[in-house]
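> Need the 3D shape of this:
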Amino acid sequence: MGRVVVGMIGLGTVGTGVVRLLEQQRHLTLKKVAVKELQKERTVRPACPVTTDVAEVIDDPEIEILIEVMGGEQPALDYIKRAIDKRKHIVTANKEVLAKHGPELFQLAKQKGVAIFFEASVAGGVPLISTISKGLEANKFSCVTGILNGTTNFILSKMEEDKESYAAALEKAQSLGFAEADPTNDVDGHDVAYKLSILSALSYQRFAKPTEIYREGIRAVSAEDMAQAQEFGYRIKLVGSTRRADKGAIDVRVHPMLVPLNHALASVSGSNNGIVVSGDAVGEIVMVGPGAGQMPTASAIVGDTINLASALQLPDFATYFQPEIEPEWAVTAAPGDWSCPFYLRFDVNDTPGVIGRIGTIFGEHKISIQSIFQRGVEESGARIVIFTHEVKNSQMETALAELAKCDFLRKLESKIRIFQPAGR
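I've put the predicted structure just below:
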């Protein structure tokens, strides 16, 4: 492999790790780095010029590969499009840009004869993208599901291990650098939704619009829910999944789930990610590893850069690395069509016949109850906990709407789906 010249936009936490790894690659030359602020204090000094003028990187004819690690939707999107127009190959970790603009970007790359590499955009240091796109290319995928956000997994793990509230676990995650000062992107599920859009494109050839992906975060998960889950052989995780549905649609969603303790995903702890890929030929494979962090993400980015650089000398190599992604967005299945068991926790008045009335309403909506029991009575109130068998989401919502009209119901405190094989 001859010498390949690389440019980079961004020199934050991940960019710093990329510089350190590129210094070890004798066939890769980092020629220029574009940053927002020259005077910002940094822990690494690239051996190449650093500039605030992005055009110096994008317009440099010697640079063949552009690494984008600045993050955010804009101006990163414009920079990537300009670089593709200049026929530069792209290596990026920017899940937001890919999820929101993937169809446009991959069509543009195809027209210009360049490749976009994005291993670091999902699951950080876990080689998930290359496994799905190349290693399992012979498979037809039925489902890709898993724990795709390290911040929320860390918070939920601490809630269980230390018997802490969500607020206390979040504060600990922030103090240790696992969560941002504004954790919205992580705890409300936006980050996972972006990743699911990308995984949908790889698995089913179409990106899912992030705005059409069903999303629930972890803010409502309580210490009591964690304890109940543990007592009955489950562990609560924020699970994202994309799977085939009827009539060419895909079922794409992210929400908390009770995962059975004997399932591989239940053992994924701390800030790690864990993913289950289901293919018709290979069956199920499980991949676990660091989903974020400076060096795991930098490892994926530089790995992509090495793979690109190795292929540059081959004729028409870009077509091999261009995934079969259609320009149209995927059709997403309506939430009402989903089926799974549920865990429910109600705060009710402690009056005779409450359990019977709940059972009657559920029966009228063809919801089969696996178990129902009453917990602590306080101030004339009681807690009712229910585990159901598999039921359609639409049936459950209708039954809960009817329950909400009952005078004995104070509050539906928790409604969490229960994980089943193949990510349902």
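> which stretches of this protein have low pLDDT?
Along the chain, segments meeting pLDDT under 70 span 1, 380, 422-424.
> Let's see stretch 258-275 as CSV, backbone CA atoms only.
In CSV, the C-alpha atoms belonging to stretch 258-275 read as follows (Å, rounded to 0.1, in the frame of the first residue of the first chain):
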residue,chain,number,x,y,z
LEU,A,258,-37.6,-6.3,30.9
VAL,A,259,-35.0,-8.7,29.6
PRO,A,260,-34.9,-12.3,31.0
LEU,A,261,-31.8,-12.8,33.1
ASN,A,262,-30.9,-15.9,31.0
HIS,A,263,-30.7,-13.9,27.8
ALA,A,264,-27.3,-12.6,26.6
LEU,A,265,-28.4,-8.9,26.6
ALA,A,266,-29.2,-9.1,30.3
SER,A,267,-25.5,-9.6,31.1
VAL,A,268,-24.4,-6.5,29.2
SER,A,269,-23.4,-4.1,32.0
GLY,A,270,-22.0,-0.7,32.5
SER,A,271,-21.4,1.4,29.4
ASN,A,272,-21.0,-1.6,27.1
ASN,A,273,-23.2,-2.2,24.1
GLY,A,274,-24.7,-5.6,23.1
ILE,A,275,-26.3,-6.5,19.8
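> What distance do you get for the closest residue to residue 343 other than its chain neighbours to residue 383?
Counting by C-beta to C-beta, 6 or more residues apart in numbering, residue 416 is the residue found nearest to residue 343 once chain neighbours are left out, at 4.8 Å. To be clear about C-beta, it is placed using only N, CA and C from the backbone, and glycine gets the same treatment. Computed as C-beta to C-beta, to the nearest Å, the residue 416 to residue 383 distance reads 15 Å.
> Between the two, tell me which one has more neighbours.
residue 416 (21 against 18; other C-beta atoms under 10 Å).
> Would you mind measuring from that one to residue 235?
According to C-beta to C-beta, residue 416 and residue 235 sit 12 Å apart.
> What of residue 2?
Distance of residue 2 to residue 235, computed by C-beta to C-beta: 50 Å.
> most distant residue from the middle of the protein?
Relative to the centre of the chain, and counting by C-alpha atoms, centre = their mean, the farthest-placed residue is residue 352 at 44.9 Å.
> Correct me if wrong, but that one is in a strand.
No - going by DSSP: H, G, I helix; E, B strand; the rest coil, the assignment for residue 352 is coil, not a strand.
> So it versus residue 151, what's the distance?
Remark: distance between residue 352 and residue 151 (C-beta to C-beta) = 45 Å.
> got it, and residue 7?
Here residue 7 is placed at a distance of 30 Å from residue 151 (C-beta to C-beta).
> before we move on, what SS does the closest residue to residue 234 other than its chain neighbours have?
Residue nearest to residue 234 in three dimensions, not counting chain neighbours: residue 258, with 3.8 Å by C-beta to C-beta, 6+ apart. Secondary structure state of residue 258, per three-state DSSP, is strand.
> my guess is residue 258 meets residue 420, correct?
No - Residue 258 is beyond contact range of residue 420, at 10.4 Å (criterion: C-beta atoms under 8 Å).
> Who has more neighbours out of those two?
Set residue 258 next to residue 420 and count neighbours by other C-beta under 10 Å: residue 258 wins out with 25 against 15.
> Next up, the contacts around the more buried one.
Counting by C-beta atoms under 8 Å, 6 or more residues apart in numbering, residue 258 touches 229, 234, 235, 236, 343, 416, 417, 418, 419.
> Inside strands: which ones of these?
234, 235, 236, 343, 416, 417, 418 (DSSP state E).
> Take those and write them to JSON lines, including distance to residue 336.
Output for those, formatted as JSON lines (distance: C-beta to C-beta, whole Å):
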{"residue": "234", "distance to residue 336": "25"}
{"residue": "235", "distance to residue 336": "27"}
{"residue": "236", "distance to residue 336": "24"}
{"residue": "343", "distance to residue 336": "19"}
{"residue": "416", "distance to residue 336": "18"}
{"residue": "417", "distance to residue 336": "14"}
{"residue": "418", "distance to residue 336": "18"}
